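In: I need the structure of the sequence given here:
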Amino acid sequence: MAASVVGVPVPSSRVNPDIQKERNTATFDPLHLTYVLDGGKDRTQRRRYVESLALNDPAFKHKDLSFMDREERYTNSIRKAIHTVRRLRELEITDIQEINWYKGAANKTEESNLQLHDSMFLHAIYSQMAPEQQGLWMEKAYAYTVIGTYAQTELGHGTFLRGLETTATYDPATQEFVLHSPTLTAMKWWPGNLGKTCTHAVVAAQLISKGKSLGIHMFMVQLRSLEDHMPLPGIELGDIGPKFGYANIDNGFLRFDHVRIPRENMFMKYSQIEPDGSYVAPPAAKLTYGSMILIRAFIIGGMGRTLAKGATISIRYSAVRRQSELMPGAKEPQVLEYQSQQLKLFPNLATAYAFTFLGRQMQDMYAKYMSELSSGEYSSLPELHATAAGLKAFTSWVMIAGMEEMRLACGGHGYSSASAFPEIYANQNPAATYEGENTVMMLQTARYLLKCVRNVRAGKGVGGVMSYLAETPQPRSSAANDKDFLCSKMLTEAYKHVARRLVYEAADRVTDSLKKGRAQVIASNENHLHLLRAGQAHCHLYVVDNFFSAVAELAAPDSVKEVLQALASLYAVHGIIQNRGEFLYDGYLTGDQLAMADRQLIALLGTIRPNAVTLVDSFDIHDDILGSILGRYDGNVYENLYKWAKSSPLNDKEVVDAYDLHIKPFLRENIAKSKL
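Out: Okay, here's the model as predicted:
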């Protein structure tokens, strides 16, 4: 069935015939799948309208980012961010999703500036401040009479929050906190917009009162004058310099020298310092993790969006790129015809969809938790925290590897900035370290899994996403033929078996170390290999199970559900083949059954092949937002690569300055020597 993507721009009246042929072979209407991803036809129409407001705004037009230096990018990005704030007010757009749509269209491949103000800064105020504090600071933040950031990470400590060195010592005589950086490594390091932009920061510091350290708490601190933007007394801050990505963001450093702030600037929703210095502890120790959990939920969905961009670029390009020959004398085939190319791209395409549905589910979980929290129910917090931590690590690791695989699948042109891979990859790569370093996050998940094992063995049982740990394990797979590897129940059971085995094995290994007299932390450190395997297997199971469940629950045309079911099966089968040793380890799968899985994987590649381009079209990413010449909707790659190259500033002069300065004298020197 011929399918069209209404609303996706065709940059030229001529569409590459190879990519048009791909769309003509689709078995479903991409719009129907776009509606699923957006949450309905009305949402798709609204998203396209909101995006068009930014895409058609001349204030967001500028020269190619690849041809700007860092200061140009920072200044241009701040200009766009401020224009965005003003336009959103004028347009009266207040819905958080719509704001993100607008920002995505305004910034395209570049990260949005002032993003920490709109996310961590605002959310910390909302979730961690007492109501009377919120009344003051929410108004300032929403009105942008201050510009904020979130200052937690330090030069010497990141994910290990208890190790943070910045101190906030309460002085009851003046009812003030004294913020101080007692060592070089105590200075804040990395927060976005800290360097040159923000006026205030939510600062994480060790609370000290009556001579006692009370752990990490949050404080609102003004950093710069609202008159001339100069740092306030006792405050040293600046930009940390160029980075792998985020060229437009002024990530900064911050050092305190006995800076005093009012008692009321401590975030006091759950814990408080009384005027006399007495401490009121929170009802649950990890309530302050709320901001991090929400951000990690957004990161998980964002990893799906990033993979969607990579898949769109690489699959569209592979449809128009012709190379080598399959049959002597025949026309060079599309690269997408090669099974080896499909093996690189289609699993990543399936993963993009898996993580997209996963992100949606994680945000639903967080919303449910916040609802419970408002009624004083905290029991779901540990599971939510462990789940968000592990999945943040799992999805970002997979995204980084997947984006590199898809870039390499584009050959030499994938290395060009014109492909958009360098910008996207560099900006998304730090997801493995920000908001919790991945290995530490996965170990947190593993430790919670071991706690669940102890509960099961003590007869207490477990529920929720950990319930499989209490189920009776199935010793052998029931797969009898190739088609059995299309059964969602059979595939999910296989992942449950491996995850359960690895979790219990990790628990036993740690227990063995403890029996040898090791301290708990030493026993854990001696078994990181097993703990990480357990955490990753659990997360992989979670993604597989959620993908199948999401597809089963969809209200969509059968043609859409069929292609999504094929993607879910591909995701699960490919994972088994990638980790075949774990499934063979205790005989759960046999060699013959793995051969069945191999054959089914190849069959699934064939099932997805006619729909590959239409599946990436369904992400409905506007060409201007994608920012990739290789991934253009019309497929006209080569003429536009040439046009882009011609626009390089280095081509402004036929003879560059370096010729007269260096090349000319060097050549003449050598020519003169050659005549001797």
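In: ok, Gly252 to Ser380 distance?
Out: Taken as CB to CB, to the nearest Å, the spacing of Gly252 relative to Ser380 amounts to 36 Å. Yep, even glycine has a C-beta here, placed from its N, CA and C like the rest.
In: So if I had to pick from those two, which one is more boxed in?
Out: Shown here are Gly252 and Ser380; by other CB atoms under 10 Å, Gly252 has more neighbours (25 against 16).
In: give the contact list for the more buried one.
Out: By CB atoms under 8 Å, 6 or more residues apart in numbering, Gly252 lies in contact with 149, 188-191, 193-196, 237-240.
In: Same check on Asn438?
Out: Asn438 sits next to Lys392, Ala393, Ser396, Trp397, Ala432 when contact means CB under 8 Å, 6+ apart.
In: Quickly name whichever of these is closest to Tyr571.
Out: For Tyr571, the nearest member of these is Trp397. The distance, counting by CB to CB, is 15.5 Å.
In: quick one, what contacts that closest one?
Out: By CB under 8 Å, 6+ apart, the contact set of Trp397 is Ala432, Asn438.
In: Kindly provide the distance from it to Phe547.
Out: The value you get for Trp397 to Phe547, if CB to CB is used, is 17 Å.
In: cool, Thr183 as well?
Out: Distance check for Thr183 against Phe547: by CB to CB, it reads 47 Å.
In: Among the two, which residue is more densely surrounded?
Out: Neighbour tally, Thr183 and Phe547, criterion other CB under 10 Å: the higher count belongs to Phe547, 28 against 12.
In: looking at this, the more buried one is in a helix?
Out: Yes: secondary structure assignment places Phe547 in a helix (DSSP: H, G, I helix; E, B strand; the rest coil).
In: how about the strands in the protein?
Out: 148-151, 167-171, 176-180, 188-189, 200-209, 212-222, 235-239, 252-256, 259-262, 272-273, 279-280 (DSSP state E).
In: Quick one: closest of those strands to Phe421.
Out: Proximity to Phe421, assessed across the strands of the chain by CB to CB, is greatest for strand 235-239 (26.2 Å).
In: ok and that closest one relative to strand 212-222, angle-wise?
Out: Relative orientation of strand 235-239 and strand 212-222, computed by axes from the mean of the first three to the mean of the last three CA atoms, to 10 degrees: 70 degrees.
In: what mean pLDDT does strand 235-239 have?
Out: Mean per-residue pLDDT for strand 235-239: 98.
In: Give me the residues contacting that strand.
Out: By CB under 8 Å, 6+ apart, the surrounding residues in contact with strand 235-239 are 187, 194-196, 223-224, 231, 250-257, 259.
In: could you pull out the helices for the stretch 451-600 of the chain?
Out: Applying DSSP state H, counting those that start in this stretch to the stretch 451-600 of the chain gives helices spanning 488-515, 520-525, 528-552, 558-578, 580-584, 591-608.
In: Touching, Lys561 and Ala555? I think so.
Out: No: using CB atoms under 8 Å, Lys561 is not in contact with Ala555, being 9.4 Å away.
In: Can you pull out the low-pLDDT segments for this structure?
Out: Counting by pLDDT under 70, the chain has low-confidence residues at 1-13, 284-291.
In: Please tell me how far Gly158 sits from Lys515.
Out: Counting by CB to CB, the gap between Gly158 and Lys515 amounts to 33 Å.
In: These two: which is more packed in?
Out: Counting neighbours by other CB under 10 Å for Gly158 and for Lys515 shows that Gly158 has the greater number, 19 against 9.
In: any idea how far Asn24 is from that one?
Out: With the distance defined as CB to CB, Gly158 ends up 51 Å from Asn24.
In: and the gap between Tyr150 and Arg162?
Out: Applying CB to CB to Tyr150 and Arg162 gives a distance of 18 Å.
In: Which of those two has more residues huddled nearby?
Out: A count of neighbours by other CB under 10 Å puts Tyr150 above the other of Tyr150 and Arg162, at 27 against 9.
In: my read: the more buried one touches Gln115, true?
Out: No: counting by CB under 8 Å, Gln115 is not a contact partner of Tyr150; they are 10.4 Å apart.
In: From what I see, Ala59 and Asn76 are in contact.
Out: No: contact status for Ala59 versus Asn76: not in contact, 10.7 Å apart, counting by CB under 8 Å.
In: the more surrounded of those two?
Out: Neighbours of Ala59 and Asn76, each counted by other CB under 10 Å, are more numerous for Asn76; the result is 18 against 14.
In: could you list every residue that touches the more buried one?
Out: Under the criterion of CB under 8 Å, 6+ apart, the contact list for Asn76 reads His62, Met68, Asn248.
In: Buried ones among the contacts of strand 235-239?
Out: 187, 194-195, 223-224, 250-256, 259 (16 or more other CB atoms under 10 Å).
In: In contact with Lys368, which residues are there?
Out: Applying CB under 8 Å, 6+ apart, the residues near Lys368 are Ser380.
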